[in-house]
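*Asks:* Please work out how this folds:
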Amino acid sequence: MKSLFLFLSIVIPFSLVIRAQTAAFVGVNVIPMDRERLMKNQTVIVRNGVIIQIGDAAKVKAPKDATVVDGKGKFLLPGLVDMHTHLLSDSDEYDEAIAPEELRVMVANGVTTVRFMIGTPELLKYRGRSAAGEIVAPTIYVASPHITGREQGNNFVVTTVEEGREAVRRSKADGYDFIKVTTFIPSLIYEAVVDEAKKLGIRVVGHADARYVGVERAWKAGQQIEHLDGYMEMLLKPEAPMKHSISDILIYGIDNWKSLDYLDESRIPEIAKRTVESNAFVDPTHHFMKNSFGRLRTEDEMRAQPDFRFYPAKVQATWFDFYKRNRMIREIPLEKRARWIALREKMIRAIYDAGGKLMTGSDTPEFLWLYGFGLHHELKALKDSGISNYGVLTAGTRNPHEFLGSLNKAGTIEKGKRADLILLNANPLDNIEATKDRSGVMLKGKWYTQAELDRWLDEAATKISGSYHEPTKASE
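*Replies:* The predicted structure follows:
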């Protein structure tokens with residue numbers, strides 16, 4: 001028997017071995033996300049990682065060889081997508097070997113597809129290993145090392161037009177899925193980056209630095225903009241005594257908060273309309289912005305977070321100290337912060353109402369917000385912005401796949417689609433926070449009970465926090 005298994009493992013790729021499972025969700029309520037509807041009392045049959053049948057549970061019977069999952073009273077949703085995340089192991093402070101654990105944390109939270117927004121060769125490696133089924137991990141997309149005008153870690157520093165073009169060429173050749181732009185990029189270099197990316201057929205995503213590029217130029221380029229960067233500047237009145245507002249790293253400037261007194265809300269509908277005309281896909285990373293800068297978390301709140309235990313005591317203390325010492329955090333009144341949050345939420349709602357396709361991005365794991373867990377916070381933040389529960393679920397499922405060009409493979413529950421699924425104990429169309437109350441997750445056709453996923457989380461918390469080490473001076 002042992003020799004037979006060895007033979008099979010050689011002849012049949014490992015990826016096919018782990019996915020060769022027949023499963024049936026019986027009596028489940030399906031939220032297919034092809035349109036706003038609920039299909040009650042269905043049987044969903046999965047074979048070899050693909051949904052092969054969906055139908056009335058009274059008529060569709062589970063195959064004899066199927067793993068039967070009792071779906072009575074439960075709700076089946078497509079797997080969630082995080083369009084803006086990173087790994088702790090991207091940095092020098094954590095061992096790179098913990099990356100597979102980090103990826104499993106995402107899966108344990110129902111996140112089955114991710115886009116890493118600052119690429120590394122290691123992430124490209126894990127993208128391949130995930131696709132081959134060698135590790136339990138979401139389907140991975142990787143943006144390039146970020147293109148910037150100043151040294152900021154894992155980046156391409158570009159100070160000339162040719163350097164900008166070469167950064168794009170290298171990123172394309174290395175196999176990255178997107179070109180990521182951030183800050184301090186002069187407009188002429190930005191335009192060269194965009195031009196080279198168009199020639200090579202790779203899309204530009206990322207920041208729209210209000211000081212150098214701005215939303216107008218990003219609109220013209222058709223760039224997919226993260227964080228609503230530059231949008232507060234678009235609201236400045238002509239008579240405003242300042243040119244910049246509260247976007248991107250400008251948020252740390254104490255004087256920039258004075259711009260809130262010179263913003264014209266009446267411009268929001270037109271800005272939303274032009275956004276959709278340029279690139280309808282918007283990833284506001286609203287929870288991260290709102291709850292890291294817009295309001296103040298107490299130490300007790302942070303300690304109560306279910307993801308707090310994944311951070312070592314040294315990192316926890318560093319963020320506690322940040323909130324105590326940072327001038328912007330300490331000096332900007334809460335009412336000004338509330339005004340900023342309200343304006344962001346009006347912009348998000350207006351973009352949605354104008355036909356924009358919101359996407360969910362957590363921008364974790366900074367500020368003691370961890371990947372996986374953070375995606376559910378983003379769903380709640382979009383809901384609090386005035387988006388319907390179905391609209392929020394669309395942002396977390398089908399919209400990202402439409403943007404990624406993978407909607408023919410995933411993002412909805414339909415025959416022929418990849419079986420990335422979450423089984424929920426309550427209906428998220430009634431309460432968006434039901435996405436946190438899971439019975440299990442199916443990843444690429446492989447079923448994991450929540451009890452098993454919870455064991456993963458317990459193991460990962462110890463391994464991830466334990467892999468931290470102080471950076472050496474050589475790496476600083």
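*Asks:* How many residues are close by the closest residue to Ala24 other than its chain neighbours?
*Replies:* Closest residue to Ala24 apart from its sequence neighbours, by CB to CB, 6 or more residues apart in numbering: Ala62 at 3.5 Å. The C-beta positions use only the backbone N, C-alpha and C, and glycine is treated the same way. Close neighbours of Ala62, defined as other CB atoms under 10 Å, add up to 18.
*Asks:* Does Ala62 fall in a helix, a strand, or a coil region?
*Replies:* Of the three states, Ala62 takes coil according to DSSP: H, G, I helix; E, B strand; the rest coil.
*Asks:* Same question for Ile422.
*Replies:* Assigned by three-state DSSP, the conformation of Ile422 is strand.
*Asks:* Let's see the strand or helix carrying Gln316 as CSV, backbone CA atoms only.
*Replies:* Assigning secondary structure by DSSP states H and E places Gln316 in helix 313-325. As requested, the backbone C-alpha atoms of helix 313-325 are provided in CSV (Å, rounded to 0.1, in the frame of the first residue of the first chain):
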residue,chain,number,x,y,z
ALA,A,313,4.8,41.9,23.4
LYS,A,314,7.5,44.2,21.9
VAL,A,315,5.3,45.0,18.9
GLN,A,316,2.3,45.5,21.1
ALA,A,317,4.2,48.0,23.2
THR,A,318,5.5,49.8,20.2
TRP,A,319,2.0,50.6,19.0
PHE,A,320,0.8,51.5,22.4
ASP,A,321,3.6,54.0,22.5
PHE,A,322,2.8,55.3,19.1
TYR,A,323,-0.8,56.2,20.1
LYS,A,324,0.5,57.9,23.2
ARG,A,325,3.3,60.0,21.6
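*Asks:* Could you point out the helix or strand that follows that helix?
*Replies:* Beyond helix 313-325 in the direction of the C-terminus, DSSP H and E gives the next helix or strand as helix 327-331.
*Asks:* most centrally placed residue in this structure?
*Replies:* Most central in the chain under CA atoms, centre = their mean is Asp82, positioned 2.2 Å from the mean C-alpha point.
*Asks:* and the strand or helix carrying that one, what does it pack onto?
*Replies:* Element membership for Asp82 (DSSP H and E) is strand 80-85. If contacts are counted by 3 or more CB pairs under 8 Å, 6 or more residues apart in numbering; DSSP states H and E, strand 80-85 sits against strand 111-116, helix 373-384, helix 398-404.
*Asks:* So what does the spatially closest residue to Ile202 that is not a sequence neighbour look like in phi/psi?
*Replies:* In space, not counting the residues next to it along the chain, Ile202 is nearest to Lys172; the distance is 5.3 Å by CB to CB, 6+ apart. Backbone torsions of Lys172, given as degrees, to the nearest 10, read phi -60, psi -50.
*Asks:* I'd say Lys172 and Leu200 touch.
*Replies:* Yes. Proximity of Lys172 to Leu200 meets the contact threshold set by CB atoms under 8 Å, at 4.7 Å.
*Asks:* Residue ranges in this protein under the pLDDT threshold?
*Replies:* Applying pLDDT under 70 to the chain flags residues 1-20, 472-476.
*Asks:* so how far is stretch 36-50 from its chain's centroid?
*Replies:* From the chain centre to the centre of stretch 36-50 is a distance of 25 Å (CA atoms, centre = their mean, to the nearest Å).
*Asks:* Okay, buried residues for stretch 375-394 please.
*Replies:* Buried positions in stretch 375-394, judged by neighbour count with 16 or more other CB atoms under 10 Å: 375-385, 387, 389-394.
*Asks:* show me what contacts Met33?
*Replies:* For Met33, the contacting residues are Leu77, Pro78, Leu393, Thr394, Thr397, Arg398, Gly411, Thr412, Ile413, by CB atoms under 8 Å, 6 or more residues apart in numbering.
*Asks:* Can you point out the helix or strand that includes it?
*Replies:* Met33 belongs to no helix or strand when assigned by DSSP H and E.
*Asks:* Now do the longest helix along the chain against helix 373-384, angle only.
*Replies:* For the chain, the helix reaching the highest residue count under DSSP state H is reported as helix 334-353. Calculated by axes from the mean of the first three to the mean of the last three CA atoms, to 10 degrees, helix 334-353 forms an angle of 80 degrees with helix 373-384.
*Asks:* What helices and strands are in contact with helix 334-353?
*Replies:* Identification of packing neighbours for helix 334-353 by 3+ CB pairs under 8 Å, 6+ apart yields helix 231-234, helix 268-278, helix 286-289, strand 357-358.
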